[in-house]
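1. I would like to see how this sequence folds:
(one chain, ligands or ions: 4)
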Amino acid sequence: MSRLRIAEIFGPTIQGEGALIGEPTVFVRTGGCDYRCTWCDSLHAVDPAFRHTWAAMTTDDVWDEISRLSQGKPLTVSLSGGNPAIQDFSQLIVQGHAAGYRFACETQGSIAKPWFADLDTLVLSPKPPSSGETVDWDAFESCLAAAETARQVVMKIVIFDDRDYVWAQKAAERYPALPLYLQPGNPEVDPSVPLNPQDLSDKLLWLVEKVMADGWFAPRVLPQLHVLLWGNKRGV
Ligand SMILES: C[S@@+](CC[C@H](N)C(=O)[O-])C[C@H]1O[C@@H](n2cnc3c(N)ncnc32)[C@H](O)[C@@H]1O
Ligand SMILES: Nc1nc2[nH]cc(C(=O)O)c2c(=O)[nH]1
Ligand code: SF4
Ligand SMILES: [Mg+2]
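-> Ligands and ions are numbered 1, 2, ... in the order given. Got it, this is the predicted structure:
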């Protein structure tokens, strides 16, 4: 049986970002990513140097851990990574749905998978210039097409600077019908370095004021709630 490469499964915690902010969830963080964003806050699930910490699990193994962490009570499972779209979650989603669980997935939109169609929420997070990555918009469109029957599809863009901001406005123009979430970038991603809450709130204020000054009323602007609460701690 084929196995899933899993960096960590944790929770329950609250979804700290975007459309489902505040919602109780269990995270399944996959190992491996086709991107290398300069500011990635989850390098332990991206860099092959951490491969020895990733587990090869069957769908049943993953499901057992989700059930254990959620005490068998249905909630939203958040698939993240790394890029979860490298792997096949179709069986897990069928199994979880049958037990009343919901599934959300966070991906950059570089790889489309048929199982996107079965998701309750697909979060597409195309990467702005500060990431050092270049978006393949054809691949992004394939993700949108694959998710045509998903219950909810949203776009979430991380903003570090003015250039990212202008880029986000252009991305939003491409997809006016996609609900849009903006979050300020966190420049300090080392879990051993304590974060200054004032810095986080200054960055959020900068972004909110920019959006308001421009009369740009399409996006919702949100902090990373989990980072406000726990800093860069892993497993929360
Ligand atoms: C770690 S990624 C994993 C899922 C997928 N690879 C992606 O990027 O969408 C989860 C979310 O965290 C965001 N993120 C990563 N590093 C960040 C940082 N330093 N500050 C703010 N958001 C960050 C990503 O943009 C993405 O929306
Ligand atoms: N609480 C919490 N919310 C999150 N939202 C997106 C996360 C991610 O790393 O994908 C994340 C995470 O790691 N923890
Ligand atoms: S795409 Fe996501 S997981 Fe991959 S490097 Fe970028 S932020 Fe990290
Ligand atoms: Mg994160």
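
2. Every contact and neighbour count from this point should use C-alpha atoms.
-> Fine.

3. Contacts for stretch 157-166, please.
-> Stretch 157-166 is contacted from outside by 125-130, 168, 180-186, 207, using C-alpha atoms under 8 Å, 6 or more residues apart in numbering.

4. Now do the phi/psi pair for residue 161.
-> The phi and psi torsions at residue 161 (degrees, to the nearest 10) take the values phi -150, psi -180.

5. shift numbering so it begins at 10
-> Let's use 10 as the start, then, which means that last one is residue 170.

6. before we move on, back to that, now, which of the contacts of stretch 166-175 lie within strands?
-> 189-193 (DSSP state E).

7. which SS state does residue 37 fall under?
-> When classified by DSSP: H, G, I helix; E, B strand; the rest coil, residue 37 comes out as strand.

8. burial of it, as a residue count?
-> 23 (other C-alpha atoms under 10 Å).

9. these two touch, right, it and residue 20?
-> No. Under the criterion of C-alpha atoms under 8 Å, residue 37 makes no contact with residue 20, lying 9.1 Å away.

10. any shared contact partners between the two?
-> With contacts taken as C-alpha under 8 Å, 6+ apart, not a single residue reaches both residue 37 and residue 20.

11. Okay, the most centrally placed residue in the chain and ligand 3: tell me how far apart.
-> When C-alpha atoms, centre = their mean is applied to the chain, the residue found nearest the centroid is residue 115 (3.3 Å). With the distance defined as C-alpha to the nearest ligand atom, to the nearest Å, residue 115 ends up 8 Å from ligand 3.

12. Partner strands of the host helix or strand of that residue, with direction?
-> Using DSSP states H and E, residue 115 maps to strand 111-116. Applying DSSP bridges to the sheet, strand 111-116 is found paired with strand 85-89 (parallel), strand 130-133 (parallel).

13. so does that strand get close to ligand 1?
-> Yes. Against ligand 1, strand 111-116 shows contacts by C-alpha under 6 Å from any ligand atom at 115-116.

14. Show me what from the protein comes close to ligand 1.
-> Listed as neighbours of ligand 1 in the chain under the rule C-alpha under 6 Å from any ligand atom: 48-51, 89-92, 115-117, 134, 167, 194-196, 198.

15. Selection in PyMOL covering whichever of the residues you listed are buried, please.
-> This is the PyMOL syntax for the buried subset of these, where burial follows 16 or more other C-alpha atoms under 10 Å:
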select buried, resi 48+49+50+51+89+90+91+92+115+116+117+134+167+194+195+198
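
16. Among the residues of the chain next to ligand 1, name the ones in helices.
-> If you go by DSSP state H, the residues of the chain next to ligand 1 have nothing in helices.

17. So which of the residues of the chain next to ligand 1 reach ligand 2?
-> Answer for the residues of the chain next to ligand 1 near ligand 2 (C-alpha under 6 Å from any ligand atom): residue 89.
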